[in-house]
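Novice: one predicted model, sequence on top.
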Amino acid sequence: MNLQSILSSVLDEVYEKNEYPALAALESEWTHTRPFDGLRVLVATPIYRNTMTEYRALVAGGADLLVGLSEFNDPDVVDFMREWGVPVVTPAEMLEAESHGEFVDLVLDCAGPFAVLHPKIGFVELTRSGVHYYKNAEKPVYVADSGIVKRIETSLGTGDGYFRALEKLGFGGDFEGKKFLVFGSGKVGSGIALQGVRRGCNVTVVTDLKRGQSQTANFENAEHSAAPETMPAGDFSAVLEQNDVAVVDCHDYATVASLIENSDFVVTATGVKNALAAPELTEALLSTQANLANMGVEDEYGETVPAEKVLNDKGPLNFILEEPTHLKYIDTSLALHAALAERLVQETATLEDGLHFPPQEIEQRLLTIAIQNGVIGPEICSMLGGIPAEID
């Protein structure tokens, strides 16, 4: 059996095509066009069963696949990939290989651990948190998180994953009337907040209101290529307020500390290391009876707050799940990740080094496929207009 068939033997048993319509479309197309023939492609998305759908699409396109080992993975899937001969590698191992003249052609990164490599063609970075690692990139870098497609995963899927993780930990499925405090009003934070609204929670969001205004200005002034500071994190304070979510400025320490003390659940989603490390907040975090959680890659609580005080030892809470984000929500993100790699190959002679936004035509195509053929089509339409549709 070839690798594509091996992956299909697992995926076809657990997923329907309407859960991954965008990747299915790419796989079907690439089986004929083979855009990655002869290319070594390293994919560093978290290694879980659902991300195997991205591997399969790339292999269908002719990629010689390597899988990047990150902090977040399912050991069973890691073992499965190794058993079938797929190299599962660390950044250090790849740097060692480079010292012997062995380079990959493309790096599809996630949160920046493989930014130290020197691919022949370029990079695609999946997350906003990984952008700063590419500030001085000497190759072209497409940033998937700077477009609208990533909102499906972060606004719908990550919020869903947060509540599923709470349920797995025994906090129950009924959150009616519970007080939730969310730090961050970007895609992830707003997604968690709006999912909380759907569950009848009393939700307050803490954010940097001035930063949100400056990001809007930066985004409006940015073109197709941009510096890290113009790569929009996104701010959805207005959408939150329209849905009766109170929004508080993060610099109002007295109010924020009081909210921490009196909340049932506190969750961080700013993407900023030590975002809550101010002394004015630390005391409240240490004394509160609220259930603390993090939904970002960085430690947003700071060293003063011990890991055991935070669910999952400060790691992203949804990564305690077999499927941290349901495939139906992550399909378009993974498809964009892969499609931008194809675009790098197509533009290898002309694309300038540095950071680039996803081309709108690629995003629009994937969105159209997801809306028309995907099980969450109605949810996507509702998200683009405001609050997520009803949850499963």
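Specialist: Alright, I've got the coordinates.

Novice: hey, let's count contacts and neighbours off CA atoms from now on
Specialist: Fine.

Novice: need the strands for the stretch 101-250 of the chain, in chain order.
Specialist: Using DSSP state E, counting those that start in this stretch, the strands of the stretch 101-250 of the chain run over 106-109, 122-125, 140-143, 179-183, 202-207, 225-226, 246-249.

Novice: contacts for the fifth one next, please.
Specialist: Contact with strand 202-207 is made by 177-185, 189, 193, 196-197, 245-250, 256, as judged by Cα atoms under 8 Å, 6 or more residues apart in numbering.

Novice: run the angle between it and strand 179-183 for me.
Specialist: Counting by axes from the mean of the first three to the mean of the last three Cα atoms, to 10 degrees, strand 202-207 lies at 20 degrees to strand 179-183.

Novice: ok, the residue most central in space within the chain - contacts?
Specialist: By Cα atoms, centre = their mean, the chain has its centre lying nearest to T127, at 5.3 Å. Neighbour list for T127: 110-111, 143-145 [criterion: Cα under 8 Å, 6+ apart].

Novice: cool, V131 as well?
Specialist: Here V131 is in contact with 111-112, 125, 143, 228 (Cα under 8 Å, 6+ apart).

Novice: just the buried members of the residues you listed?
Specialist: 111-112, 125, 143, 228 (16 or more other Cα atoms under 10 Å).

Novice: return the member of those nearest to V297.
Specialist: A111 (7.8 Å; Cα to Cα).

Novice: which residues are in contact with stretch 254-263?
Specialist: 178-181, 206, 248, 250, 266, 280-281, 284-285, 287-290.

Novice: select only the buried ones of those in ChimeraX?
Specialist: Those of the contacts of stretch 254-263 that count as buried under 16+ other Cα under 10 Å are selected in ChimeraX with:
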select :178,179,180,181,206,248,250,266,281,284,285,288,289,290
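
Novice: quick one, which of the contacts of T127 has the minimum pLDDT?
Specialist: Within the contacts of T127, the minimum per-residue pLDDT falls on D145 (89).

Novice: pretty sure that one is touching V124, no?
Specialist: No - the criterion here is Cα atoms under 8 Å, and D145 misses it with V124 at 9.9 Å.

Novice: show the pLDDT at E102.
Specialist: 98.

Novice: mind saving the C-alpha coords of stretch 109-129 as CSV?
Specialist: Output in CSV follows, covering the C-alpha atoms of stretch 109-129 (Å, rounded to 0.1, in the frame of the first residue of the first chain):
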residue,chain,number,x,y,z
ASP,A,109,5.0,25.5,10.1
CYS,A,110,2.7,26.0,13.1
ALA,A,111,3.7,28.5,15.9
GLY,A,112,7.2,28.9,14.5
PRO,A,113,9.4,26.1,15.8
PHE,A,114,10.8,25.3,12.3
ALA,A,115,11.4,28.9,11.4
VAL,A,116,15.1,28.2,12.0
LEU,A,117,15.3,26.0,8.9
HIS,A,118,16.4,27.0,5.4
PRO,A,119,13.9,25.6,2.9
LYS,A,120,14.7,25.9,-0.8
ILE,A,121,11.4,27.5,-1.6
GLY,A,122,9.7,29.0,1.5
PHE,A,123,7.4,28.8,4.5
VAL,A,124,3.7,28.8,5.3
GLU,A,125,3.0,29.7,8.9
LEU,A,126,-0.4,28.6,10.2
THR,A,127,-0.8,30.8,13.4
ARG,A,128,-0.6,34.4,14.5
SER,A,129,1.6,33.4,17.4
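
Novice: and A335, what element?
Specialist: helix 327-346 (DSSP states H and E).

Novice: from C110, how far out is G184?
Specialist: 20 Å (Cα to Cα, to the nearest Å).

Novice: dihedrals phi and psi, the closest residue in space to L65 that isn't next to it in sequence?
Specialist: If the residues on either side of it in the chain are set aside, L65 comes closest to V41, at 5.2 Å by Cα to Cα, 6 or more residues apart in numbering. Main-chain torsions, V41, degrees, to the nearest 10: phi -120, psi 120.
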